[in-house]
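**Student:** curious how this folds, go ahead:
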Amino acid sequence: MNIAEQVATRSTCDRKHIGAVIVRDRTILSTGYNGSLRGSPHCDDAGHDMENGHCVRTVHAEANAVAQSAKHGVRIDESEIYVTASPCLACFKLVANCGIRTVYFKEFYRDERITEYAKQAGIKLVFMGEKKKNRDEG
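**Tutor:** Predicted coordinates:
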C-alpha cells in the first residue's frame, strides 16, 4: 500500500489523489494514478470538468494501471491490486474482467455495490485502512 500511496502523489487532479499498483507474486506489474487523458490538459491546469459532483476529466488510477499493463503487454490475470481508495463500480468491473483476484484498499469510496459484485465474482476485498473508533471508545 505504501507504493500505491507514493504513486498517488503523481495525480494531476487536486480533488482526490489516488494510486494503484497491480502485483503478482510480490512483483509489481503495473501502476496508475488518476489523471487526464494522455495529451490532454490536467485538472490542476485547466480546471475540473464536473458531473454529479465528480470530476470526469480524469481516468481513474485502476483504469490507468490496467491500460499501462495492456500497452506494455503485461499479463495481469490472477494478480492483486492495491488502491488507496476502493474502486468505483466501473473500475471494479474492469478489474474483475481482467482477472484480478484481490483488491486491497485503504479507504472506502462511494459505491457499496462492489461488495456484492465481489462476492458474485469470487474477488476478495481487503480493507487496509484504520477502523473508525466509536465516540464511546475515546
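**Student:** which residue sits closest to Q6, ignoring its sequence neighbours?
**Tutor:** Excluding the flanking residues, the one nearest Q6 by CB to CB, 6 or more residues apart in numbering is G19, at 6.9 Å. Heads up, the C-betas are built off the backbone N, CA and C, glycines and all.
**Student:** burial of the one you found, as a residue count?
**Tutor:** As a burial measure, G19 scores 27 neighbours (other CB atoms under 10 Å).
**Student:** was I right about it contacting M1?
**Tutor:** No. Between G19 and M1 there is no contact under CB atoms under 8 Å: 9.2 Å.
**Student:** shared neighbours, these two?
**Tutor:** Shared contacts of G19 and M1, defined by CB atoms under 8 Å, 6 or more residues apart in numbering, comprise T84.
**Student:** on that earlier part again, and the residue nearest to Q6, how close does it get to N52?
**Tutor:** 24 Å (CB to CB, to the nearest Å).
**Student:** now do F127
**Tutor:** For F127 relative to N52 (CB to CB), the value is 26 Å.
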